[in-house]
Structures are given as C-alpha cells and as structure tokens.
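[1] Sequence plus predicted model, see below.
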Number of protein chains: 2
Amino acid sequence: VIQQLEGVQKSEQLLTQQRVTKEFKTERFEYSEYERRLYHTKKRMEQAGVEVLIVSDPADMYYLTGYDATSYYIPQFVIVAQDEAHPFWLGRTMDAACAKLCVFMNHTHIVGYPEFYIGDPSRHPAEFVAQWLRERSWEKKPFGVEMDSPCLTPKTLELLKQGLPNSTFKNTDALVSQVRMIKSAQEILYMRQAGVLSDLAMAQGLEHYDVGVKESAVAATMYGSLIRGTADFGGDDPGGITIPTGIRTSGPHLAWTDEPCKAGEAMNVELGGCRYRYSAGLSRTFFLGTPPQKLADLAPAVVEGMAVAQAAAVPGATCEEVEAAWRKVISRYGVEKGSRIGYAIGINFPGLTWIERSFSLQPGDKTVLQPNMTFHMMLGMWQEDWGFHLSETFRASEQGEAESFSTLPRKLFVKS
Amino acid sequence: VIQQLEGVQKSEQLLTQQRVTKEFKTERFEYSEYERRLYHTKKRMEQAGVEVLIVSDPADMYYLTGYDATSYYIPQFVIVAQDEAHPFWLGRTMDAACAKLCVFMNHTHIVGYPEFYIGDPSRHPAEFVAQWLRERSWEKKPFGVEMDSPCLTPKTLELLKQGLPNSTFKNTDALVSQVRMIKSAQEILYMRQAGVLSDLAMAQGLEHYDVGVKESAVAATMYGSLIRGTADFGGDDPGGITIPTGIRTSGPHLAWTDEPCKAGEAMNVELGGCRYRYSAGLSRTFFLGTPPQKLADLAPAVVEGMAVAQAAAVPGATCEEVEAAWRKVISRYGVEKGSRIGYAIGINFPGLTWIERSFSLQPGDKTVLQPNMTFHMMLGMWQEDWGFHLSETFRASEQGEAESFSTLPRKLFVKS
C-alpha cells in the first residue's frame, strides 16, 4: 500500500535513528537553569517597574518552577518577587501535593489554599491569594499581572484588586513569554526529541491511513505513537491532533470523525510530539488516489516556499524578512496566504496552545532571529472547499539556515 | 497475569456489549434541541436583566451553536441576543471555515475577523468585536459577560468596555453552565457511549499494566482505546489522563513518566471517554503485588461509601445530602475526605475540564437532584505519600438511585 511513498522513512527506521542522544538527565533541568530563568524574569520586571509578578499561565508556571500538573482548570499562581530568591507556588491544597513532586523550590514555597474556596460561587481562591499577599507585606509593592494570559479571568483580577485596595497593578503581558524565547541546550534537546515523536506519529499514521480506515482509528494510531514514543523516551499528552478530511480540509482546527477515509479525498494532519511539555509541531497532507490538479500544483509551490523561507531564517534576519522570502516564492505561483507563516513555539499544555507570544513570522514583525529561537513554520493554505498544508518546527542556528526538527520528506503524500 | 482480576470484564467482552444502541443520528443534535437550549438561555438572560450575552467558554459555545474546533487559544465568541432567534459566532477568519462545517445557524451568523488582529500585541480581536457590536446598534443594550469563564481574559473584557464606552456589562457567570445542568436524551446517549469508552480504556490499560511496562506505554494504550473506541463509535481527544504511580499517587493531577511500573506500587488512573465532546470520568487504582494493609483496608471502605452515596442520589435529594451519606460511611472507618466528592460533568474540551459549574456534592450545596442531571463522583483519597481513588459518572434517574455509566467492578485492582 505504501509503494508510492518513496522517500518516506518507515517508522522502524525512525525508531533506531541516532539523531537524539540517549544521555539525558533524569531531572528535567538543572537548578542553574531555573536560576537563569528567574534572573531574566526579574530583569524584565525591573524594566517594567514591577516588584511582585503574579503568573497564571501554566506554561510560565512550569518554566519558572517545574510545576507540571493538569490542575489549571482552577485558579493557581506562581509569584515572583524581587526580594525573594525563589518563586512561590499557590494553588489548591490537593495540588500542593503535586507541586511537592515537581517544583525545584523548598516546600516552604508551596502554599495550598483550602477546599473552602472550591465549588461555591460565593467564594473564590483569589480572595485567599490577596490575603496571602497582604500578609507578606507586599501590598505596597507594584504588582505585575499578565492581563491577556490563559487562565486569568476578569473575576480573578477583580478580586485580587478588591483584596489589595492600596496596591497598583501593571499589565506585564507576555513578560515571561519573552524570557522563554531563546531556548537552552536542554530545551533544544527536548524539542528535538519531540520532533522524533512527531515524525514517528506522522509515519505510523500514514502507514495506517487507507481507504475504509476510520479517521478515529488513524487518530488513535497517532496518539499511541506520540505517547508510546521510542525505546528511549515517550511523550506527554500532545494536547490535540487535527486531521480534517475532504471538505473539512478547508479549515485548520477540526478533529477527526468516525467516517472512513475515502478515495479521492485529502487528510490534513497537524500534530506535535510533546517531550517534558516541549512541543514540535508538524503538518503534512495525505491523499488517497489521484489528487486533483490544483492540489498537485500547489504542493510543490509550498514546498519550495518553505525551503526558501528556511534559507532566509538565518541569525540576524528579521521575522518579516523570513515571511517576505516565502511570499516572493508563493506569489510567483499566483497564490496568497492571508495569515502569518509561523510563530514562536515551545511549552505546551493541553488546550493552551504551543504558541509562545514573543514573535510571529509576518509583515511588521521586526524581531531579529538569534540562535536557539524556535518557531513553527505553518504553511496552511486553506481554500474555499479544500486545503493543503505543510509545517515543521525549526531552531534558528548559529550560522546559516534554520535547522528543522523533522526529517520527513516535504511533499504531498499520495497513497493509491 | 490477570488471574486475580476476577470480575473484570475483558475488553473483548466490552466491545460486544449491547448496552448502547447502534442507532444514533449522524447529526449530533436536532435543530429543536438547539432551540430549547437557546430558549432556556434567553430566559435566564431575561431574569438577569441582560439583552446581549457574550459567551467565551468553548463548552458553552459548542452547546449553543455546535461549534467544535480547537481554536480557543485565540479570542472567539458566541453572541446571544434577545432580539435575534439565532446566535452569532465571531472568531478568526480561518476558523470561520471550521464554523461553517459545525454550527447549526445560517452562515450569515458566522463572522470572521481579519488576521490583522493576530500576533501583534498592539492589536486585539476584542477591538473588532466591540466595533461589530456597535454596528449592530446593541451598544445601549445591557450586556452579560461570564466573568469567571475560561478563555475570557481581563484584557479582552477591558477592550470590550473601551470599545463600548456607553454600555453596561453585568456579570452572568456560569449562566450557560446552569442551562447545561439537565441533559437531554441525546446528551445522555453520548455520555453513555463515553462511559463505554472509559470502561474499555480502563480494561485495556489494566491488561497492559505490568511490572516493567513503561507508564507511558500504559498511557498510550489507554489513549488508543479512548479514541479508537468500538466498532460502532470512536472517541474525541479525552483531554488528558492522569496515572500517577508510587509516591506520586499522593496527588491527583499528575501525568505519566517513562519509568517502568514497579512491583509494590500503585497506579491511580483517572480518565474519561469523550463522545462528541461529552465525557464520562472514571477512576480506579491498580496495584502490582501485595498491597499494604492501609490500602487494602481503605479500598472497601471507599467502595461502600460510593454505593451508599449512589443510593442516596435519588431525585429530590440535595447535593449535600448525597455527600452526607458518603461521609457517614467513611467516618465510621476513621477516614476523612477534605474535598467535595463530586461535581456536575458534561462537555469537555482539552485542557478546559469536564466540570460544569452548576453544582457540587459537598456540604452547603442545596441543589436538588433532578432526572438527567449528571455528575462525576470522584472519591479521591490522597494521603501524605500514597493514595487511593474510585470514581464513576452517574445520571440522576427518574426514580431510585443514580445510574452509573460504568459497568466495571468497584475494587482495588491487584495484579500479582
């Protein structure tokens, strides 16, 4: 069945590939790495005139403390203060038990609020947090709050302000996201491993994909690959796969159905292996049978566009220059893409996106590429009733073009 | 290896079980069901003195329109107005393509905002939404906003208010969650199917679980079962499984690691099959080898507590009475549970919890059980360095005790 897949590495080959070292630490990150992250966070806090930062984005909380639990459906916070070397974790008492098993700080920096605040709309955990901040005599210090971050609701902020009536709150939105922009060697290692998981899942999904196979079965295969991983490492919950087929390929964010895959239809796969919460996005389009001419024509144009944009993504280039390189290629084919072609990528918790809010590959973004900035170049070409897409996750390297975390061929995968 | 699992239905048996009808509609819900949902939403809006409701919780958006895409990492809204029969969907233009394939409304009720608002911190989709609301001449109508709902940030609300300076905004938090409380026959069908997926995944996970098997491999097996499902239906992304082992069983919300499962250790599994986004939570504790006496003693006490609480969950009983029934049993064993024993459950999008914010099984909650209210009774007993848990999803029935969506035995599953 996969005779037409010349150039595809079979999943067995991927499993034995040696491009990721087997020697990684049992502990995810050294203490010195947390120190560095806090140093840069506090430096940005100082520039913003903030002495106490209230962090609610689970990705930021993980980055600053190591806290890794799926408890972010209720209010929880990390507090970074200029006059404290280490941050504090504040959350529900039952999750304080999780924090003890994750965070690098001494357990005196883990604060659990009582169950009293849960499940009753007349009470709210933010009341506890405000009181705790008052008791630490931080009331007069200028607070920083990320006003557009996930998991901070207007109600939570309102109650914090009510409980701290003499305090000032500055919007420090995306402050930690900026610190996260340049990855450490250890983070790059995990993203490379995530890239292996992505390649493996794409290859195994493609092997399973066929006429009459249920979309849900293809999705199940991919999830299994992403989590089971290789003999050396498995993956975290990837936080979603999108695999629209047929007319559904006209939109980006649709999941599978129970319908069988049909001849004459495409499947647009977007997935991301996730290693210690670090993600590597990857997209390919599959087709069963003979693709229509418009799709067969578009695919190589997008492939060429990615190669040219990758070549343009050298250290010192701006984000908008990378996009311009792509645009120059694709417009030669009479095609337009109305949306950005990429964004910063890193930590991912289910439902919260792997996108970092530090830069985008789009006109107007003058962020300069530096080594170990990572981005997901997502060339999604959604048309009226069909679509094609191609994406990979890249690292801006020390010199020359960006390094991809995928080794899969760039092409429309046709199965006949 | 599973000789000690007397009473466990093997996954093959589950696959052929006939407790869920094969005849369900291709379309998820009839138009009349959306009409009923909107009718009750508008009734509550009227009671709250609200003429235009701004909805941002993806579960509410799905409930009111059918919109089912994982695009909620960027701002998107459903607007329900008293003077419009049907709601409006507002979101990113590329996701408008997804909306066209999901929502029940005419496509004139799908509004895409331009990419201009994406990836640039100086611009924000809320500016577009405020302008659109002004242009519809709704500026003078009282708005309702769910101030503590997921996916609404303080920044978004601030910009809505800035763009509608002459408008009033009332907090209508959890308004739609209240409407969602009593399930329709169709919703119950999907939750029963979700229950089948949960049982299947738990049974297949247990079959795979053994000394030396990596935790990530057990997780991969469970994800595969939850999504691949049965010959009749598969499942959606379950939005997370937690399977802490060993000392990690002292906390509720921890994922797997790459460590092999060890003799003398427990694994606390919490998962939830997800059918058309409707979830059925299910928890069991597994043990390899001979469990310590404290665990062997606690398990039957919790099992007894669940049976007694289930028997108390009759229509007309209050939520706190159900909890009191449990408490009476468990305190006889000298054990305390410091947190609620359950909560309303229904629609689940990854990362956003399956919890509905309408009632909890806890002291002080005087909500009266009515037929087709659904709840996840979660008896999590987290101790200093170990834990046991047992949970099932129930439907309050027309008479007598609540109906469970699980057919698995209630016990500590010991594998020797």
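    Looks like it arrived, so ask away.
[2] hey, where'd the strands end up in chain A?
    Here chain A has its strands, by DSSP state E, at A:52-55, A:77-81, A:88-92, A:110-113, A:143-145, A:169-171, A:266-275, A:278-288, A:342-345, A:355-360, A:374-382, A:387-395, A:403-404, A:413-415.
[3] Just checking: what are the partner strands of the shortest one?
    Partners of strand A:403-404 in the sheet, by DSSP bridges, are strand A:387-395 (antiparallel).
[4] What sits closest to the residue lying farthest from the centre of chain A if chain neighbours are left out?
    What lies farthest from the middle of chain A is residue A:166; by C-alpha atoms, centre = their mean that is 37.2 Å. In this structure, residue A:166 finds its nearest non-sequential neighbour in residue A:139, 5.7 Å apart by C-beta to C-beta, 6 or more residues apart in numbering or on different chains. To be clear about C-beta, it is placed using only N, CA and C from the backbone, and glycine gets the same treatment.
[5] now do residue A:260
    Nearest to residue A:260 is residue A:212, by C-beta to C-beta, 6+ apart, at 4.7 Å.
[6] what's the spacing between that neighbour and residue A:291?
    Going from residue A:212 to residue A:291 by C-beta to C-beta, to the nearest Å gives 19 Å.
[7] which ones are touching residue A:275?
    When contacts are counted by C-beta atoms under 8 Å, 6 or more residues apart in numbering or on different chains, residue A:275 touches A:190-191, A:193-194, A:197, A:233, A:235-236.
[8] before we move on, back to that, kindly provide the distance from the residue farthest from the centre of chain A to chain B.
    Noted for residue A:166: a distance of 20 Å to chain B, by C-beta to the nearest C-beta, to the nearest Å.
[9] Over to that residue: give its phi and psi.
    Torsion angles at residue A:166 (phi, psi; degrees, to the nearest 10) stand at phi -100, psi 10.
[10] how about the helices of chain A, start to end?
    A:11-16, A:31-47, A:58-65, A:93-100, A:125-135, A:154-163, A:175-179, A:185-208, A:215-228, A:293-312, A:319-332 (DSSP state H).
[11] For chain B, find the nearest of those.
    Set against chain B and scored by C-beta to the nearest C-beta, the helices of chain A come closest in helix A:215-228, at 2.8 Å.
[12] wait, does that closest one contact chain B?
    Yes. Part of helix A:215-228 sits near chain B under the criterion C-beta under 8 Å from any C-beta of the partner chain, namely A:215-217, A:219-221, A:223-225, A:227-228.
[13] Between the residues you listed, which sits nearest residue A:397?
    Nearest to residue A:397 among those, counting by C-beta to C-beta, is residue A:225 at 27.5 Å.
[14] The residue nearest to residue A:260: how many residues sit nearby?
    10 (other C-beta atoms under 10 Å in any protein chain shown).
[15] just to revisit the earlier point, distance to residue B:389 for the residues of helix A:215-228 next to chain B - can I get that in a markdown table?
    Shown next, in a markdown table, are those (distance: C-beta to C-beta, whole Å):
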| residue | distance to residue B:389 |
| --- | --- |
| A:215 | 33 |
| A:216 | 28 |
| A:217 | 31 |
| A:219 | 28 |
| A:220 | 26 |
| A:221 | 30 |
| A:223 | 24 |
| A:224 | 25 |
| A:225 | 29 |
| A:227 | 22 |
| A:228 | 25 |
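[16] from those, which is closest to residue A:402?
    Comparing the residues of helix A:215-228 next to chain B against residue A:402 with C-beta to C-beta picks out residue A:225 as the nearest, at 25.2 Å.
[17] Thought residue A:200 was touching the closest one, still the case?
    Yes. Between residue A:225 and residue A:200 there is a contact under C-beta atoms under 8 Å: 5.0 Å.
[18] The two - which one has more neighbours?
    More crowded of residue A:225 and residue A:200, by other C-beta under 10 Å: residue A:225, with 30 against 25.
[19] Quick check: nearest residue in space to that one, chain neighbours excluded?
    Distance criterion C-beta to C-beta, 6+ apart; nearest residue to residue A:225, sequence neighbours excluded, is residue A:201 at 3.8 Å.
[20] which residues does that neighbour contact?
    Here residue A:201 is in contact with A:221-223, A:225-226, A:271, A:273 (C-beta under 8 Å, 6+ apart).
[21] And residue A:337, what's its pLDDT?
    In the predicted model, residue A:337 carries a pLDDT score of 92.
[22] how many neighbours does it have?
    By other C-beta under 10 Å, the residues close to residue A:337 number 19.
[23] again with residue A:401
    Count around residue A:401 with other C-beta under 10 Å applied: 17.
[24] Wait, residue A:348 touches residue A:62, no?
    No. With contact defined as C-beta under 8 Å, residue A:348 and residue A:62 do not form a contacting pair (9.9 Å).
[25] coming back round to it: nearest to residue B:414, out of the strands of chain A?
    strand A:88-92 (30.3 Å).
[26] so what secondary structure elements neighbour that closest one?
    In terms of contacts (3 or more C-beta pairs under 8 Å, 6 or more residues apart in numbering or on different chains; DSSP states H and E), strand A:88-92 is packed against strand A:77-81, helix A:93-100, strand A:110-113, helix A:125-135.
[27] What pLDDT is listed against the residue of chain A found nearest chain B?
    For chain A and chain B, the shortest gap (C-beta to the nearest C-beta) falls at residue A:351, measuring 1.9 Å. The per-residue pLDDT reported for residue A:351 equals 93.
[28] wait, isn't it in contact with residue B:59?
    No. In terms of C-beta under 8 Å, residue A:351 does not count as a neighbour of residue B:59; the distance is 11.3 Å.
[29] Quickly list what's touching both of those two.
    Shared contacts of residue A:351 and residue B:59, defined by C-beta under 8 Å, 6+ apart, are found at B:349, B:352.
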